[in-house]
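S.K.: When you get a sec, could you give me coordinates for this:
(one chain, ligands or ions: 2)
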Amino acid sequence: MEKGAKIYIAGHRGMVGSAIVRKLQAEGYQHLITRTSSELDLRNQQQVQDFFAREQPEYVFLAAAKVGGIVANNTYRGEFLYDNLQIQNNIIHASYLQGVKKLMFLGSSCIYPKLAPQPLKEAYLLTGLLEETNEPYAIAKIAGIKLCDAYRAQYGCNYISVMPTNLYGYNDNYHPQNSHVLPAMIRRFHEAKEQGLQEVVIWGTGTPRREFLFADDLAAACYYLMEHYNEPGLVNIGTGEDISIRELAELVSQVVGYEGSISLDTSKPDGAPRKLMDVSKLHEWGWHHTIELPQGIQLAYQDFLLKQREGSNTTVLV
Ligand SMILES: NC(=O)C1=CN([C@@H]2O[C@H](COP(=O)(O)OP(=O)(O)OC[C@H]3O[C@@H](n4cnc5c(N)ncnc54)[C@H](OP(=O)(O)O)[C@@H]3O)[C@@H](O)[C@H]2O)C=CC1
Ligand SMILES: C[C@H]1O[C@H](OP(=O)(O)OP(=O)(O)OC[C@H]2O[C@@H](n3cnc4c(=O)[nH]c(N)nc43)[C@H](O)[C@@H]2O)[C@@H](O)[C@@H](O)C1=O
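M.R.: Ligands and ions are numbered 1, 2, ... in the order given. The predicted structure follows:
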């Protein structure tokens, strides 16, 4: 991407979009285009087409989506399917109509079958049944991958798809029910420490395993692939290392300085038993993560404390 290029970052106020903006600014890009959802509702086709016709972006990072943790995915099933299909269809099609030079679509590791062999290779897409709690979100993400590939095949569009593992970092969503596990635990252990509680309850059996990537590492990978990668299909982005939810709870409690006990609410869903990414393709293309989990949790916790001190409303999904 030329330094003067017009680059649209969809979802720039979110955790990932804001990390991509920071990365592009650090690399010296000055012509970044952004809109909040109240300025531009990406579910609205006419608004999106008018915006693209007016702004004429040359490159697009598609990091806007309806996003949330396991309970949000399972509760707002209609919104996770409809909103995500609308947002991605509108942006991808408007990009085609306006001749965008290159677009990056962000999917998720939940596109893989629930019981796929581990680690998850890109080739496992569409080889089995999806995990029930996030099937609507996963179906939308799979449609996004296939739309990028179809527009490449039919129209020659250079649209690439990346599949991030579970993410965390600055500007995360700390909603008690709708967030992902890592921000949920940071908040819950912090509040338990503040209130002197003897016990913190975590969801599920504690046995599922998850892989976590710091959002600024993801942004660096997205920039790197935008610069170097021009292939159909998908590429995983992760660390290639995972941890059980029980071990994660112990790690978060140490970082936060909580000294009480941890118990389980097994009425809550576990979701996929494991989602470990095979990152050999990413490594072969020349990118490797830099922030390890204990350091990343420290950074995220500092950001959480800062936001609390500033009295800013932590993002609430619905
Ligand atoms: N978080 C994670 O663990 C993972 C995320 N991903 C993917 O990364 C991408 C970004 O996720 P993340 O940053 O965590 O999500 P966030 O919820 O932090 O941010 C999502 C952004 O999307 C925007 N958005 C949502 N709906 C609309 C709409 N109708 N019109 C316009 N903008 C809208 C919001 O804009 P506004 O703030 O202006 O309302 C928000 O800033 C998504 O594609 C997600 O699927 C993939 C794997 C894991
Ligand atoms: C990124 C990915 O995120 C979602 O999938 P998920 O990985 O299952 O998401 P999660 O972070 O919410 O949970 C991970 C694990 O952790 C356990 N868990 C314990 N205690 C809490 C807790 O307090 N909150 C949450 N959310 N989970 C908890 C929870 O029971 C589960 O076993 C997809 O829907 C989809 O959005 C997607 O792509």
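
S.K.: Quick check: residues of the stretch 151-300 of the chain near ligand 1?
M.R.: Of all the residues in the stretch 151-300 of the chain, those in contact range of ligand 1 (C-beta under 6 Å from any ligand atom) are 164, 166-167, 173, 180. Using the backbone N, CA and C atoms, a C-beta is placed for each residue, glycine as well.

S.K.: Now distance to residue 228 too, for these, in a markdown table please.
M.R.: Supplementary listing: these in a markdown table, determined by distance: C-beta to C-beta, whole Å:
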| residue | distance to residue 228 |
| --- | --- |
| 164 | 17 |
| 166 | 24 |
| 167 | 21 |
| 173 | 30 |
| 180 | 29 |
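
S.K.: quick one: which of these is most hemmed in?
M.R.: In terms of neighbours by other C-beta atoms under 10 Å, these top out with residue 167 at 26 neighbours.

S.K.: ok, and the closest non-adjacent residue to it?
M.R.: Counting by C-beta to C-beta, 6 or more residues apart in numbering, the nearest residue to residue 167 once its immediate chain neighbours are dropped is residue 215, at 5.2 Å.

S.K.: I figured the one you found hits residue 22, correct?
M.R.: No: with contacts counted by C-beta atoms under 8 Å, residue 215 stays clear of residue 22, the gap being 9.5 Å.

S.K.: more crowded one of these two?
M.R.: Set side by side, residue 215 and residue 22 show more neighbours around residue 215, with 26 against 16, by other C-beta under 10 Å.

S.K.: so how far is the first residue of stretch 7-17 from its last?
M.R.: The first residue of stretch 7-17 is 12 Å away from its last residue (C-alpha to C-alpha, to the nearest Å).

S.K.: Could you do stretch 11-31 as well?
M.R.: For stretch 11-31, the separation between the terminal residues is 16 Å (C-alpha to C-alpha).

S.K.: got a list of contacts for it?
M.R.: Around stretch 11-31, the neighbours that count as contacts under C-beta atoms under 8 Å, 6 or more residues apart in numbering are 1, 3-7, 9-10, 32, 34-36, 61-65, 67, 106, 164, 167-173, 215-216, 218-220, 222-223, 315.

S.K.: what's the answer for stretch 108-124, then?
M.R.: By C-beta under 8 Å, 6+ apart, the list of residues contacting stretch 108-124 from outside reads 125, 127-132, 134, 137-138, 141-142, 145, 163-166, 211, 233-236, 238, 240, 272-279, 281.

S.K.: Cool, thanks, talk later.
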